[in-house]
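Have a look; sequence and predicted model below, questions after that.
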Amino acid sequence: DNKVLSTRLGIKASAPLRFAADDIFDNVLQIPKGSVNPFVMAQASCAEVSLLLDQKFLECERVLFHPMQSDFTTALSPDQLTAFLEKASPGRYSYVDLTSAEPLALPGSGGAGAAPPK
């Protein structure tokens, strides 16, 4: 729920979270809509992007993502995904409980966002 997540992140109700505009996909993520995945975090153009992931990913045996195009799928263990993110985007990702109403801070903002629990 974008309204709840907006509130948790302290984003004003007058400008809540929403899907990215086309220019964000083209210029920042450099990937077509429908192909967004954690691998974009390795691109230099995403240096100011923060990634929030459902902490339930950590409970899965494997997580599946499209590797920058939607006609292929890559399977990773949660540990492999975390290792990739730690190398590609240290401090800019966080596993969060999406069912909670507790306040969140974006990763890298010095607040509550953090790497996965150990």
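Okay, I see it. None of the values given here were measured: they were computed from a predicted structure.

Now do the most far-flung residue of the chain relative to its centre against Ser6, distance only.
Residue farthest from the centre of the chain, counting by Cα atoms, centre = their mean, is Ser14 at 22.8 Å. Separation of Ser14 from Ser6 (Cβ to Cβ, to the nearest Å) stands at 10 Å. Heads up, the C-betas are built off the backbone N, CA and C, glycines and all.

okay, which residue is most central for the protein?
Among the residues of the chain, the smallest C-alpha distance to the mean C-alpha position (Cα atoms, centre = their mean) belongs to Leu51, namely 2.5 Å.

Quick check, pLDDT for that one.
Leu51 is assigned 93 on the pLDDT scale.

Give me the distance between the nearest residue to Thr74 once chain neighbours are set aside and Asp79.
Among residues not flanking Thr74 along the chain, Pro67 sits closest, at 4.6 Å (Cβ to Cβ, 6 or more residues apart in numbering). Distance, Pro67 to Asp79, using Cβ to Cβ: 18 Å.

again, but for Leu29
25 Å.

So for the two, which residue has more residues nearby?
Between Leu29 and Asp79, counted using other Cβ atoms under 10 Å, the more crowded position is Leu29 (20 against 10).

Apart from its neighbours in sequence, what residue is nearest the more buried one?
Val40 (5.0 Å).

In terms of pLDDT, where does that neighbour sit?
For Val40, pLDDT reads 91.

and it, what does it touch?
Contact analysis of Val40 by Cβ atoms under 8 Å, 6 or more residues apart in numbering lists 29-31, 46, 49, 68.

One more: Phe57?
63, 78, 81, 95.

need the longest helix for the protein.
helix 78-88 (DSSP state H).

So what's the gap between that helix and the chain middle?
When C-alpha coordinates are averaged (Cα atoms, centre = their mean, to the nearest Å), helix 78-88 and its chain have centres 12 Å apart.

how about that helix: buried residues?
Neighbour-count burial for helix 78-88 flags 78, 81-82, 84-85, 88 (criterion: 16 or more other Cβ atoms under 10 Å).

Looking at these, which one is closest to Asp23?
Nearest to Asp23 among the buried residues of helix 78-88 is Ala88, at 22.9 Å by Cβ to Cβ.
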